[in-house]
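Participant: I need the structure of the sequence given here:
(one chain, ligands or ions: 2)
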Amino acid sequence: MSAASPGAHKTALAIDALRRGWPVAIAGIDGTLALLPIETADPERLAGFDPTGSAPILLSAGRAATLKLANQRDAAAPDAPVLIERAPWIDFAMATALSDPQFDLSVPLKGPFRAICLAEHDAGAAALRLARIGGVLPAFCAMSGVSAAIELTPADIDAHEDAARLTIATRAHLPVAGAENAEIVAFRTPEMPGEHIALLIGAPDGRPPLVRLHSECLTGDVLGSLKCDCGPQLHAAIEAIEASGWGIVLYLRQEGRGIGLINKLRAYALQDQGFDTVDANTRLGFAVDSRNFAVAARMLDLLGQRSVRLLTNNPEKVAQLEAAGISVAERVPHILPANPHNARYLATKRDRTGHQF
Ligand SMILES: Nc1nc2c(ncn2[C@@H]2O[C@H](COP(=O)(O)OP(=O)(O)OP(=O)(O)O)[C@@H](O)[C@H]2O)c(=O)[nH]1
Ligand SMILES: [Zn+2]
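Facilitator: Ligands and ions are numbered 1, 2, ... in the order given. Okay, the predicted model is just below:
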């Protein structure tokens, strides 16, 4: 077990609060913001949080650009969160329409909206990060200089996300289809809700292991979704590792490239409207890829592997592992045949996210 961390503990409480629609306060270097998550709140809670109805709405820069408020972003910090002035007609329903792109086509946003200066950049950016980690929409009603029952700092979120706090919880023999001689190893921190998993296949033979970093994809891994290539990539990785003699699949709980299942499914709904995977994430207010592969480096370290052959088409995985001190002796391409449902997704990976095909 890794040592208790008061900061990680507070962050876990804050994530729980966001999911229940309770306010949190974040104290950054340039001030404190009390924040009510729009997605999980309701009109009564909003009125209780902000009785005068004057607290502005905090959105990400990407969401602001989608709402055509890009010209109101801070030119010196175009990726900084945006604060929308709370005009009298921005009630809970309008705040929801500002937050949730599923309403973009059905709710004409009347405006005019006015962005106001966000003094508490540090707290605002941390709030958007916390929303992503908690799997809720990155949009809040925000009040300056006010506290809340749960108060945390950006450093507390760093502590929660610190890969160094990961430890091995247990391990067991696990024969799987495609690799009968396999062992499963489970990792966690005291606060994290999901467990990362390593599947060790075959026996070490002195060469760097063939390694696959697989990010969780419930739709692809479990349901056999044809919209992506995750399921076939997972099974092909097990087969390739078995054939190579030995190696490791790291199954990382980074559903939806780190935005969580519900937000990924929201992105799918936007893809149904014609947006690609990149634009769908931006319209939701998230980065295109929120994953941090330092967690994979930590897992390899705990397994005693400092040099790997990496099965991937994604140069970012190579770069992040190297940056975290794992040597990538070779990148091994991991390309599976396209189907009619995922051809555009794969083309977007090639054309917009730097994957090598
Ligand atoms: N947000 C979002 N996530 C997606 C989407 N499609 C798949 N994912 C997630 O993407 C992750 C898989 O990552 P990919 O980008 O497909 O592949 P990669 O792992 O980066 O690269 P390779 O190693 O080359 O396969 C999983 O967590 C999936 O849940 C999508 O449309 N939107
Ligand atoms: Zn997938």
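
Participant: which ones are touching Pro175?
Facilitator: Shown in contact with Pro175 (C-beta atoms under 8 Å, 6 or more residues apart in numbering): Asn181, Ala182. From N, CA and C alone the C-beta is placed, and that goes for glycine too.

Participant: distance of it from Ile201?
Facilitator: Using C-beta to C-beta, to the nearest Å, Pro175 is found at 10 Å from Ile201.

Participant: how about Asp50?
Facilitator: 54 Å.

Participant: okay, those two: which has more neighbours?
Facilitator: Just comparing Asp50 and Ile201: by other C-beta atoms under 10 Å the higher neighbour count belongs to Ile201, 29 against 19.

Participant: name the residues of stretch 22-35 that come out as buried.
Facilitator: Trp22, Pro23, Val24, Ala25, Ile26, Ala27, Gly28, Gly31, Thr32, Leu33, Ala34, Leu35 (16 or more other C-beta atoms under 10 Å).

Participant: sorry, wrong one. I was asking about stretch 209-218.
Facilitator: Residues of stretch 209-218 classed as buried: Pro209, Leu210, Val211, Arg212, Leu213, His214, Ser215, Glu216, Cys217 (neighbour count, 16+ other C-beta under 10 Å).

Participant: give me the contacts around it.
Facilitator: 194, 225, 228, 230-231, 233-234, 237, 240-241, 244, 246-258, 261, 291, 293, 296, 300, 305, 308-312, 317, 321, 332, 334.

Participant: which of these fall in strands?
Facilitator: Trp246, Gly247, Ile248, Val249, Leu250, Tyr251, Leu252, Val308, Arg309, Leu310, Leu311, Val332 (DSSP state E).

Participant: now do the contacts for the fourth one.
Facilitator: In this case it means Val249. Val249 makes contact with Ala198, Leu199, Ile201, Val211, Arg212, His214, Leu234, Ala237, Ile238, Ile241, according to C-beta under 8 Å, 6+ apart.

Participant: show me what contacts the third one?
Facilitator: For Ile201, the contacting residues are Ala179, Asn181, Ala182, Ile238, Ile241, Glu242, Trp246, Gly247, Ile248, Val249, taking C-beta under 8 Å, 6+ apart as the criterion.

Participant: so Glu44 lies in a helix, does it not?
Facilitator: Yes - Glu44: assigned to a helix according to DSSP: H, G, I helix; E, B strand; the rest coil.

Participant: could you count how many residues lie near it?
Facilitator: Neighbour count for Glu44, taken as other C-beta under 10 Å: 9.

Participant: for Leu261, see how far away Val278 is.
Facilitator: 19 Å.

Participant: and if you look at Asp16?
Facilitator: 17 Å.

Participant: number of nearby residues for whichever residue of the stretch 1-150 of the chain sits closest to ligand 1?
Facilitator: Residue nearest to ligand 1 within the stretch 1-150 of the chain: Arg132 (10.8 Å; C-beta to the nearest ligand atom). Number of residues near Arg132 (other C-beta under 10 Å) recorded here: 22.

Participant: tell me if it really is in a helix.
Facilitator: Yes - counting by three-state DSSP, Arg132 falls inside a helix.

Participant: which residues touch it?
Facilitator: Each residue near Arg132 by C-beta under 8 Å, 6+ apart is listed here: Pro138, Gly258, Ile259, Gly260, Asn263, Phe286, Ser290.

Participant: okay if I get the residues you listed as JSON lines plus distance to Thr40, neighbour count and pLDDT?
Facilitator: What follows is those, written out as JSON lines (distance: C-beta to C-beta, whole Å; neighbours: other C-beta atoms under 10 Å; pLDDT from 0 to 100):
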{"residue": "Pro138", "distance to Thr40": "12", "neighbour count": "26", "pLDDT": "98"}
{"residue": "Gly258", "distance to Thr40": "19", "neighbour count": "22", "pLDDT": "97"}
{"residue": "Ile259", "distance to Thr40": "16", "neighbour count": "26", "pLDDT": "97"}
{"residue": "Gly260", "distance to Thr40": "13", "neighbour count": "22", "pLDDT": "97"}
{"residue": "Asn263", "distance to Thr40": "13", "neighbour count": "26", "pLDDT": "98"}
{"residue": "Phe286", "distance to Thr40": "17", "neighbour count": "27", "pLDDT": "96"}
{"residue": "Ser290", "distance to Thr40": "20", "neighbour count": "17", "pLDDT": "96"}
